[in-house]
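J.: Any chance you could fold what I've pasted below:
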Amino acid sequence: MTTEAAELRLNDPGVVPTRFWHELEDGRIQCDVCPRYCKLHAGQRGLCFVRARVENQVVLTSYGRSSGFCIDPIEKKPLNHFLPGTPVLSFGTAGCNLACKFCQNWDMSKSRELDTLMDRAEPETLATAARALGCRSIAFTYNDPVIFLEYAVDTARACREAGIKSVAVTAGYVGEDARREFFHHMDAANVDLKAFTDRFYHRVCGGRLEPVLDTLRYIKHQTAVWLELTTLLIPGENDSPEELDEMTRWVAQELGPDVPMHFTAFHPEWKMLDIPPTPFSTLEQAREIALANGVRYAYTGNVHDKAGESTYCHGCGQRLIGRDWYELSEWNLMPDGRCNRCGATCAGVFEAEPGHWGSQRRPVRLADFRP
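T.: Residues are numbered from 1 along each chain as shown. As a prediction, the model looks like this:
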């Protein structure tokens, strides 16, 4: 629990009621949107900062408010098997329900000032903008969309009506009922599997591993959401061959061989400035371990590595999708997503032709799309 929220009112801009909470016998109200289960006295905010107790209920305080909007390549999320080459309209809000010491977006996710949220957009405006800008999807990213669930779900509904897909970039740290509601409206997700030890989650992120594993099992086995995983490898923290072996075996056995894994390079940030960047050899080793353990699609990220960025056929080994950073350099998939050499199916969500957005990153003003 954090900053006082006593000054908030239900009719304030950005404040909306939520459903995932319940009253406790001692008079506090427990927020159930994530496994932190913040227990709030009157006027208190949860650790995420954007969910607060107001007038005897838990409210979201950042509805319709964003830290900015940008068109990215879908591969930047990263998603390599979901509409490759297409542009995605990306945005986030403020706050987060984890406390990762290495956060790469700390200026937004750790913000305790709603003034950080400079741009406003209702869900229908976002859907209209995505369609007008030629985006095939919209991504809830930069900070975890679980904490602004109501805004994300309403936006996903509006986008679905407009023919736009919805992508969640999330740590997967979400309560059971909220998880069911949230992923019902998503088309794809990249889940940040931060490590494979509870020690790391507790000491470095202020969370627990098991709820994340529960989320991964749920997404893979109980939804139609396309799933990919990302692990930021931090030297001396979560990059040992033993941990990577255990993690990748679990993924192959529990989620199946077709869930892509991205191993990305750490750069000193936020509260971990004393740790050096990830050596390229560590990323290569992680990819090799994953492939050896039955993961069919393993990638390196945050480094320039054409081989580690590309997609290969699990049947004949042909390069199916060549990548150079975010530029697609090769395409050997048939319109139905099969290898054009051996006919083996490449898992993913593909269209007959790839997109051609490339590595562009274009900031967008949503004010240009408001009525």
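J.: C-alpha only now, for contacts and for neighbours.
T.: OK.
J.: Next up, identify which helix or strand the residue nearest to the spatial centre of the chain is on.
T.: With the centre of the chain defined as its mean C-alpha position, the nearest residue by Cα atoms, centre = their mean is residue 169, 1.1 Å away. Taking DSSP states H and E as the definition, residue 169 sits inside strand 165-170.
J.: Distance from the chain centre to that strand, please.
T.: Taking Cα atoms, centre = their mean, to the nearest Å, the mean C-alpha location of strand 165-170 is offset from the chain mean by 6 Å.
J.: Parallel or antiparallel, which strands does that strand pair with?
T.: Applying DSSP bridges to the sheet, strand 165-170 is found paired with strand 137-140 (parallel), strand 188-192 (parallel).
J.: re the thing from before, for the residue nearest to the centre of the chain, list each beta-bridge partner.
T.: Legend: beta-bridge partners of residue 169 under DSSP bridges are residue 190.
J.: just to revisit the earlier point, helices or strands next to the very next helix or strand once past the strand holding residue 169 in the packing?
T.: Next helix or strand after strand 165-170 toward the C-terminus (DSSP H and E): helix 176-184. Here helix 176-184 touches no other helix or strand, going by 3 or more Cα pairs under 8 Å, 6 or more residues apart in numbering; DSSP states H and E.
J.: Show me how far helix 176-184 is from its chain's centre.
T.: On the basis of Cα atoms, centre = their mean, helix 176-184 sits 15 Å off its chain's mean C-alpha point.
J.: mean confidence score for that helix?
T.: Averaged across helix 176-184, the pLDDT comes to 98.
J.: Which residues does it contact?
T.: With Cα atoms under 8 Å, 6 or more residues apart in numbering as the test, helix 176-184 has contacts from 20, 32, 33, 34, 146, 149, 153, 215, 219, 223, 225.
J.: Dump those to JSON lines, plus neighbour count.
T.: Formatted as JSON lines, the contacts of helix 176-184 follow (neighbours: other Cα atoms under 10 Å):
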{"residue": "20", "neighbour count": "17"}
{"residue": "32", "neighbour count": "20"}
{"residue": "33", "neighbour count": "25"}
{"residue": "34", "neighbour count": "22"}
{"residue": "146", "neighbour count": "28"}
{"residue": "149", "neighbour count": "22"}
{"residue": "153", "neighbour count": "21"}
{"residue": "215", "neighbour count": "20"}
{"residue": "219", "neighbour count": "23"}
{"residue": "223", "neighbour count": "15"}
{"residue": "225", "neighbour count": "20"}
